[in-house]
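Enquirer: The sequence isn't on hand, but the structure is:
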C-alpha cells in the first residue's frame, strides 16, 4: 500500500499537470468552456472586416469572445486575453499553477494582429452556432473544441513525456501485482490443495489486491484534492479530481488485468504440490519477465530523458529567440494577386527604405526537405541579411571561404538566382558577392523557412549566406512574394506604418488607386511563443517518469531475488553454515542476470543509437548495482528465516 501510494502520488502530479494544461486551454477563472479556432486565409474578409464581424456577432449573441495572444509587450512567457467587447471579466486573474498572472486587455491589442487564432467563449455558448455558420459561409475555416477533462487527458497522453509517466505507472503496478501474488502463493497452494474453486481463489486474491489499491488511491485522492483546493483554489478541484480519478481507474484496471494474467499463468500444479516445492516457484517466470521488461524500459528511457534535460537549455534559448522577434512585424496582403502585382514597385521601395534605416530583417532558407538538389554537408542553405543575424544574436558564426562552397552554391542556386535577382544575367556573380558562414560547434541558428509564413527552424548544420542588400539583390516581384510569406520582417508597428505611408501603401492611398482590400501590419512571434510554452512540461516529466521506472525495476528486482532465494534456501543455508562467502554462493545467479542485462543494453544501444550514451551507461550501472544488492539482501533474509524456523 505504501508503494501504491507513491504510485498514485505520481499520478496526482500528472493530474496536476493535466489540470494546469486544461486551465491554460480553458481558463477556469474566466469561465471558459469552449474554444474556437478561426482561419481566415481563404475567406472573403479582410483583417478589419474580420474583426468588425467578430465584434458584432459577439455583442449580438453575448458570447463573451476573448482572443488568446502572447504578452509581447510584457517580456514574459505569459499570454494576454483580448476581449472583443466590454465585459465583466476581471482585469487580472491567477492561473492554477500560481506562476504569473493572466491579464484581460482591450481590443486595441489586436490593432496589428491577424484575426487568425484561438478565441475563448466566456459567455453564453448556446448561440455559438450562429457565429460559426456566418463565418463558414464567408469562407472561414472554423474549429470548435469544448472543454473536456477526458480530451485534455488524451492530448497529454499523446505527448512522449506524459506517455512515459503512464508507462512507468503501469510498470510499477505490474511489479506490485507480482509482489502481491508472491505473498499469496502459499495460501493459494493450500486452497488449491483443499479443493477451493478456481474462480473463488481468483476473486479472493484479486479482490484483496484491488481493495489495497483502492484504499491507497482513496487516501491519495482525498489528500491531493484538499491540497489543490487549499493551495490553488477550490475552483480547480472538480477538474483535478476528474483527471486523477480517470488516471487511477485506468491504472487499477490494467493492474488487475495484469494480475489476473500472472495468476492464471502461475497456477500451482499437482506435481509442485506433491513434491512440496516452494509455492512461489510458479511465479519465477513472471518475475523474470517483469524484471527484464522494467530494466528494458529504464535503459530505453534513460537516453531520451537525458537528451530532453540537456535540450531544455536549447529550448529556453529558442524561446528567447522568439522573444527577440516580439516587436517584429510582417506585411499581410489582403488583396487579389493582380493588385499585389501592381504594388510590386512600391513594396520594393518600402524594403529599400526600411533597409536604409536598419529596420528590415531578411531570412529565406532552402532545406533538404524542400530542395530537390544536393546541399552537401548542410541540411539547409539560408540567405539572410546582417539585421537578421543581429536580431537573432547569431554572433558565433565561423566564416566559410567561398571557394569551399562555390561548387555547391553555384550548381544548386545559380539558375535560381537568375530568376530571383534584379540582374537576371548575373546569377553566379550575385552568389559570389555574398559572405558565407556556418555555426560554431553546438550553436543552433534560427532561420526563417522559405515560404514558411514566419516559421523558424533552429539548425546547427546550416550554411548561412549573408546578403549585402536585400533590395539590390532581389527583384521587386520576388521581394513582394517574400514579404507576403513573412521572410522579410520590419521593426515596430508605428515605424512600419510610417513606411507604408511614405511609400504610398497606406489604406487611404490604396483606396485612392482603386485597390480593394488592405495591407496590414501583424506581429510574427505570437504563434512561436505559444508553441514554446508547452515544451516546458515535457522536459522534467520525462525525468520524473524515468524515476518511476527506476522504482519499478527496483521492486521487480527485489521480488525476483526473493523468489530465487526461497527456491535456493535449502542449498544456500548449509553452504553459508560451512563458511562460504555470500559472493561465492550468489555468483552464478548474479552473473546470469548481469549477462542478460548486458544483452538488453546492447540491444537498446543498437536500436536507439543514442547520442547521450553516458545516460544509457549510467542506467546499466544502476542495474549492476541493484541486482547483486537485491540477491544479497534476499539471501540474507532467507538465511535468517531458516535459522529461526520460519521458512
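Expert: Everything's here; your move. What you are looking at is a predicted structure, and each value in this text was computed from that prediction instead of being measured. Residues are numbered from 1 along each chain as shown.
Enquirer: All the helices of the stretch 51-200 of the chain, in order from the start?
Expert: Counting by DSSP state H, counting those that start in this stretch, the stretch 51-200 of the chain has helices at residues 128-137, 149-157, 160-193, 198-232.
Enquirer: Quick check: the gap between residue 623 and residue 592.
Expert: Noted for residue 623: a distance of 13 Å to residue 592, by C-beta to C-beta, to the nearest Å. No exception for glycine: its C-beta is placed from N, CA and C like everyone else's.
Enquirer: So which of these two has more stuff around it?
Expert: In this view residue 623 and residue 592 are compared by other C-beta atoms under 10 Å, and residue 623 has more residues nearby, 25 against 11.
Enquirer: excluding its backbone neighbours, what's nearest the more buried one?
Expert: Nearest in space to residue 623, with sequence neighbours left out and distances taken as C-beta to C-beta, 6 or more residues apart in numbering, is residue 597 at 4.9 Å.
Enquirer: Equivalent analysis for residue 12, please.
Expert: If the residues on either side of it in the chain are set aside, residue 12 comes closest to residue 224, at 4.2 Å by C-beta to C-beta, 6+ apart.
Enquirer: dump the residue contacts of the one you found.
Expert: Counting by C-beta atoms under 8 Å, 6 or more residues apart in numbering, residue 224 makes contact with 9, 12, 15, 16, 240, 244.
Enquirer: Please verify my assumption that the residue nearest to residue 623 contacts residue 625.
Expert: No: the pair residue 597 / residue 625 is not scored as a contact, 11.2 Å apart, by C-beta atoms under 8 Å.
Enquirer: Tell me which of the two has more neighbours.
Expert: Taking other C-beta under 10 Å, residue 597 and residue 625 do not tie; residue 597 has more neighbours (21 against 10).
Enquirer: Contact partners for the more buried one?
Expert: Contacts of residue 597 by C-beta under 8 Å, 6+ apart are 295, 620, 623, 624, 627.
Enquirer: for the last one, phi and psi?
Expert: Note on residue 627: its backbone torsions stand at phi -60, psi -50 [degrees, to the nearest 10].
Enquirer: State the number of residues packed around it.
Expert: When neighbours are counted by other C-beta under 10 Å, residue 627 comes out with 25.
Enquirer: Grab the nearest non-local neighbour of it.
Expert: Nearest non-adjacent residue to residue 627, counting by C-beta to C-beta, 6+ apart: residue 593, 5.0 Å away.
Enquirer: Can you classify that neighbour by secondary structure?
Expert: Here residue 593 takes the helix state, with states given by DSSP: H, G, I helix; E, B strand; the rest coil.
Enquirer: I'd like to know how far it sits from residue 576.
Expert: From residue 593 across to residue 576, the span is 20 Å (C-beta to C-beta).
Enquirer: Between these two, which has more neighbouring residues?
Expert: When residue 593 and residue 576 are compared for neighbours, residue 593 comes out ahead with 24 against 19, by other C-beta under 10 Å.
Enquirer: all helices of the stretch 501-647 of the chain, in order?
Expert: Using DSSP H, counting those that start in this stretch, helices in the stretch 501-647 of the chain cover 507-512, 526-567, 569-577, 582-608, 613-643.
Enquirer: Out of these, which is closest to residue 361?
Expert: With distances scored as C-beta to C-beta, the stretch of the helices of the stretch 501-647 of the chain nearest to residue 361 is helix 526-567 (14.6 Å).
Enquirer: what about residue 452, which helix or strand?
Expert: If you go by DSSP states H and E, residue 452 is not part of any helix or strand.
Enquirer: For the nearest residue to it once chain neighbours are set aside, list the residues it contacts.
Expert: Excluding its sequence neighbours, the residue lying closest to residue 452 (C-beta to C-beta, 6+ apart) is residue 485, at 6.9 Å. Shown in contact with residue 485 (C-beta under 8 Å, 6+ apart): 450, 451, 452, 453, 454.
Enquirer: In TSV: those residues, plus distance to residue 633.
Expert: Output for the contacts of residue 485, formatted as TSV (distance: C-beta to C-beta, whole Å):
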residue	distance to residue 633
450	62
451	63
452	58
453	60
454	59
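Enquirer: Just the closest of the residues you listed to residue 410, please.
Expert: Proximity of those to residue 410 (C-beta to C-beta) peaks at residue 450, which lies at 18.9 Å.
Enquirer: Show the contacting residues for the closest residue to the closest one other than its chain neighbours.
Expert: The shortest distance from residue 450 to any non-neighbouring residue, by C-beta to C-beta, 6+ apart, is to residue 364 (4.7 Å). Contact analysis of residue 364 by C-beta under 8 Å, 6+ apart lists 382, 383, 384, 448, 450, 482, 487.
Enquirer: can you tell me the helix or strand for residue 364?
Expert: According to DSSP H and E, residue 364 maps onto strand 360-367.
Enquirer: Report the mean confidence score over the very next helix or strand once past that strand.
Expert: As assigned by DSSP H and E, the chain's next helix or strand after strand 360-367 is strand 380-384. Strand 380-384 carries an average pLDDT of 91.
Enquirer: Strand 380-384: partners in the sheet, and parallel or antiparallel?
Expert: Sheet pairing here is set by DSSP bridges, and for strand 380-384 it gives strand 360-367 (antiparallel), strand 462-466 (parallel).
Enquirer: Just checking, which helix or strand succeeds that strand along the chain?
Expert: Assigned by DSSP H and E, the successor of strand 380-384 is helix 386-391.
Enquirer: Please spell out which residues along that following helix are buried.
Expert: 387, 388, 389, 391 (16 or more other C-beta atoms under 10 Å).
Enquirer: Considering those residues, which is situated nearest to residue 337?
Expert: residue 388 (27.4 Å).
Enquirer: what residues are up against the closest one?
Expert: By C-beta under 8 Å, 6+ apart, the contact set of residue 388 is 361, 362, 363, 394, 448.
Enquirer: Now a ChimeraX select for only the buried ones of the contacts of residue 224.
Expert: Buried residues within the contacts of residue 224, by 16+ other C-beta under 10 Å, are selected in ChimeraX with:
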select :12,15,16,240,244
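Enquirer: Farthest pair within the contacts of residue 224?
Expert: The most widely separated members of those, counting by C-beta to C-beta, are 9 and 240 (13.7 Å).
Enquirer: Need the buried residues of helix 386-391 in TSV (columns: pLDDT and distance to residue 248).
Expert: Output for the buried residues of helix 386-391, formatted as TSV (pLDDT from 0 to 100; distance: C-beta to C-beta, whole Å):
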residue	pLDDT	distance to residue 248
387	90	54
388	90	51
389	87	52
391	83	49
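Enquirer: one step back: what's the most buried one of the helices of the stretch 51-200 of the chain?
Expert: Mean neighbour counts were taken over the helices of the stretch 51-200 of the chain using mean count of other C-beta atoms under 10 Å, and the top value, a mean of 21, falls to helix 160-193.
Enquirer: Cool, thanks, signing off.
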